[in-house]
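Visitor: When you get a sec, could you give me coordinates for this:
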Amino acid sequence: MKKFQWTNPHPNDPTYAFNRALRYLSLRQRSEKEIVKYLSVREFTESAIEQAVARLKELKFLNDEEFGKSFARSRQVYKGRSKKFVSYELKQKGVDSTTIDKVLSDSQDDLQTAREFVMRKKRVYATMDKLKFREKMMRLLQSRGFSFDIIKQSLKDE
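Guide: Below is the predicted model of the structure:
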């Protein structure tokens, strides 16, 4: 049985590239690098990709700063990640350093993020021994990129 290989019927068509990118963006916000990579994998030409990205920016569907703010907020609030960890993830997504610095200067404080994370986990591990809970929280917070000082302060009341 032959393996199906997808071929792009219109590799030079910027409108088709724009529509593919728009469909990809409909799932969640993306960085410019993610869109370019997505279209490159689908074998669009450089000029078609550039035109599609320019049109997306013009229509304000693609904005790395807005993407960064949204991404940082969700990572801090829902995943309990530190600014350092979020910065690393944003670099992986292709957001430039100046935008990352701007986004993180407006984002939530690490101590507040760590405390909220500990409070959420406190309910989950309510039956756990206090010492074991503290050790577990230290490991979890450390794996999320928090410094030892922040970890110590967030667990002060526990």
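Visitor: Check the gap between the most centrally placed residue in the chain and residue 34 for me.
Guide: Central residue of the chain (CA atoms, centre = their mean): residue 71, 4.4 Å from the mean position. Note on residue 71: its distance to residue 34, by CB to CB, to the nearest Å, is 11 Å. The way it works is simple: take the backbone N, C-alpha and C, and place the C-beta from them, glycine included.
Visitor: Quick check: neighbours shared by the two?
Guide: residue 93 (CB atoms under 8 Å, 6 or more residues apart in numbering).
Visitor: Touching, the residue nearest to the centre of the chain and residue 85? I think so.
Guide: No: in this structure residue 71 lies outside contact range of residue 85 using CB atoms under 8 Å: 11.7 Å.
Visitor: Can you verify my assumption that residue 31 contacts residue 67?
Guide: Yes: here residue 31 reaches residue 67: they are 5.3 Å apart, a contact under CB under 8 Å.
Visitor: Overlap of the contact sets of the two?
Guide: 93, 95.
Visitor: who's in contact with stretch 140-150?
Guide: Contacts for stretch 140-150 (CB under 8 Å, 6+ apart): 79-86, 88, 110-111, 114, 117-118, 121, 151, 154-155.
Visitor: Return the members of these classed as buried.
Guide: Buried by 16 or more other CB atoms under 10 Å: 80-83, 85-86, 110-111, 114, 117-118, 121, 151, 154-155, out of the contacts of stretch 140-150.
Visitor: Pick out the most distant pair among those residues.
Guide: 86 and 155 (21.1 Å; CB to CB).
Visitor: leaving aside the residues next to it on the chain, what's closest to residue 29?
Guide: Distances taken as CB to CB, 6 or more residues apart in numbering put residue 67 closest to residue 29, at 4.7 Å, once the chain neighbours are dropped.
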